[in-house]
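In: Model the following, please.
(one chain, ligands or ions: 1)
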Amino acid sequence: MNRKNEHLQICLNEDVQAQHTTTGLEEYTLEYDALPELDFEEISLETKFLGKTLSAPLMIGAMTGGTPQAAEFNKRLAQAAAEIGIAMALGSQRPMLQNPEDESFMVKKYAPKLKLLLGNLGAVQLNYGVQPSQIREILEKTQCDALNFHLNPLQEAIQPEGDKNFKNLLSKLHQTIDELPYPVLIKEVGCGISTTTALKLKTLPIAGVEVAGVGGTSWAFIEAMRNQDPIAKTTGVHLKEFGVPTAQSIQICRKIFPEKYVVASGGLRTGLDIAKALALGADIAAFALPALKAAETHEILQFLNQIVYELKTILFITGSANVRSLRGKIFKK
Ligand SMILES: Cc1cc2nc3c(=O)[nH]c(=O)nc-3n(C[C@H](O)[C@H](O)[C@H](O)COP(=O)(O)O)c2cc1C
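Out: Numbering: from 1, shown residues only. You can find the predicted model right below:
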């Protein structure tokens, strides 16, 4: 079985989420307003993101591609995202570097109305010979609107076949982003973005960041489950919940990037989690693992509709006519 299929199987069948460290969102309460002076029906979740208007501030997070099973997941996710009017991110397009015709990433043919599609590649690949022209080609082939570069040193350190040379990446990222005719976001994969990292990223010409904080899916743990080497495996288990919790990472990134997009992610599971993330300063929110699980059982539309209704209800009961006016209506318990 190849790596991508192993990832899917482990994510669907094992307890890959943080158990002892939370997103930190449970420490916060949204400010209730019993007299909202709003008509529920007039509340708008519409959100501008990367030049597109989404029906809600939501994105299906970067997950997969590269195998027939991944193709089926991508198709279901893209069709649901298009129907609801939200954004979707592809999983790492590294397989396309070998085979630019890889069909599993070509979701636009099933979901031509998809509002916004983000491509994805590990930033570390820039240290392993990947050229901006190749990145441009895979983004063109998949008709992406933007690129999400992921940073994942912990995952690579535990992954049996991991790429562990992260030297000089900041300058290579700068050069590459300058050459790409696409907006670029930088994301983690579940360890969050700290102040130290954010200050480095601030020097780049990026459109924004996706925090992917601790509290949800753990890639140290997933790679530990794949690794037969006892030392690497134990290290992955010990570091399962290492990093910056989501609530903290959102606030760090909003402070360091006051004018750029901040995407909240990492352990967001309900409309309430998402509302808190938006109130803490995020522009939109993304979720990965729950969308995968819902797609497996053909319940992805129900899952998305649930989140949308919950979010709209929270806007109503916090007296927020739109998403932007939710910001700041939150306090620590
Ligand atoms: C099955 C699966 C595959 C993933 N593959 C990628 C990937 O290829 N590239 C990436 O940037 N993040 C990848 N991620 C990480 C997610 O985009 C997200 O940052 C992380 O899972 C935290 O969100 P969650 O707790 O909602 O799952 C993957 C997540 C899952 C569950």
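In: quick one: low-confidence parts of the stretch 101-250 of the chain?
Out: By pLDDT under 70, the stretch 101-250 of the chain has no low-scoring segment.
In: So which residues on it come close to the ligand?
Out: Within the stretch 101-250 of the chain, the positions lying close to the ligand (Cβ under 6 Å from any ligand atom) are 120, 150, 187, 189-190, 212, 216-217. Heads up, the C-betas are built off the backbone N, CA and C, glycines and all.
In: show me what contacts the residue in the stretch 151-300 of the chain positioned nearest to the ligand?
Out: Nearest residue of the stretch 151-300 of the chain to the ligand (Cβ to the nearest ligand atom) works out as Gly216 at 2.0 Å. Taking Cβ atoms under 8 Å, 6 or more residues apart in numbering, we find Gly216 in contact with 17-18, 23, 190, 246, 265-269, 287-289.
In: mind checking how far the closest residue in space to it that isn't next to it in sequence is from Tyr28?
Out: Closest residue in space to Gly216, ignoring its immediate chain neighbours: Gly267 at 3.1 Å, by Cβ to Cβ, 6 or more residues apart in numbering. Using Cβ to Cβ, to the nearest Å, one gets 14 Å for the distance from Gly267 to Tyr28.
In: who has more neighbours, those two?
Out: Gly267 (29 against 16; other Cβ atoms under 10 Å).
In: which residues sit in contact with the more buried one?
Out: So Gly267 contacts 17-18, 22-23, 25, 213-217, 246, 273 (Cβ under 8 Å, 6+ apart).
In: hey, where'd the helices end up in the stretch 201-333 of the chain?
Out: Assigned by DSSP state H, counting those that start in this stretch, the helices in the stretch 201-333 of the chain fall at 219-226, 230-238, 246-256, 271-279, 289-296, 300-317.
In: Mind naming the longest strand for this protein?
Out: strand 116-122 (DSSP state E).
In: how far is it from where the chain is centred?
Out: 10 Å (Cα atoms, centre = their mean, to the nearest Å).
In: any idea of the pLDDT on the residue nearest to Pro36 when sequence neighbours are not counted?
Out: Nearest non-adjacent residue to Pro36, counting by Cβ to Cβ, 6+ apart: Gly319, 4.0 Å away. As predicted, Gly319 sits at a pLDDT of 98.
In: quick one: contacts for Gly319?
Out: Gly319 makes contact with 33, 35-38, 325, 329, according to Cβ under 8 Å, 6+ apart.
In: out of those residues, which one sits closest to the ligand?
Out: For these, the nearest to the ligand is Lys329 (23.6 Å; Cβ to the nearest ligand atom).
In: phi, psi of the residue nearest to the closest one when sequence neighbours are not counted?
Out: Excluding the flanking residues, the one nearest Lys329 by Cβ to Cβ, 6+ apart is Glu31, at 4.3 Å. The phi and psi values for Glu31, taken as degrees, to the nearest 10, are phi -80, psi 110.
In: Secondary structure class of Thr196, three-state.
Out: helix (DSSP: H, G, I helix; E, B strand; the rest coil).
In: So it versus Ala232, what's the distance?
Out: In terms of Cβ to Cβ, Thr196 sits 25 Å off from Ala232.
In: When these two are compared, which one has more neighbours?
Out: Ala232 (18 against 10).
In: residues touching the residue lying closest to that one once chain neighbours are set aside, list them.
Out: Leaving out its chain neighbours, the residue that sits closest to Ala232 by Cβ to Cβ, 6+ apart is Ile158, at 5.7 Å. If you count contacts by Cβ under 8 Å, 6+ apart, Ile158 has them with 219-220, 223-224, 227, 232-233, 235-236, 239.
In: again with Pro181
Out: So Pro181 contacts Arg136 (Cβ under 8 Å, 6+ apart).
In: doesn't it fall inside a helix?
Out: No. Applying three-state DSSP, one finds Pro181 to be coil, outside a helix.
In: Distance of it relative to Arg136?
Out: Taking Cβ to Cβ as the measure, Pro181 falls 7 Å from Arg136.
In: Restricting to C-alpha, output stretch 32-45 in CSV.
Out: C-alpha atoms of stretch 32-45 as CSV (Å, rounded to 0.1, in the frame of the first residue of the first chain):
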residue,chain,number,x,y,z
TYR,A,32,-24.5,36.2,24.2
ASP,A,33,-27.0,38.9,23.2
ALA,A,34,-30.6,38.1,24.2
LEU,A,35,-31.8,41.2,22.3
PRO,A,36,-29.9,40.9,18.9
GLU,A,37,-32.2,43.3,17.0
LEU,A,38,-31.7,41.2,13.9
ASP,A,39,-33.9,39.1,11.6
PHE,A,40,-32.4,35.6,11.5
GLU,A,41,-33.3,35.4,7.8
GLU,A,42,-31.2,38.4,6.9
ILE,A,43,-28.0,37.2,8.6
SER,A,44,-25.2,36.8,6.0
LEU,A,45,-22.3,34.4,6.2
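In: Return the member of the contacts of Ile158 nearest to Ala82.
Out: Trp219 (27.7 Å; Cβ to Cβ).
In: The closest one: neighbouring residues, count only.
Out: Trp219 sits with 26 neighbouring residues when counted by other Cβ under 10 Å.
In: So that it lines up with my notes, have the first residue be 341 from now on.
Out: In the new count, where the first residue is 341, that last one comes out as Trp559.
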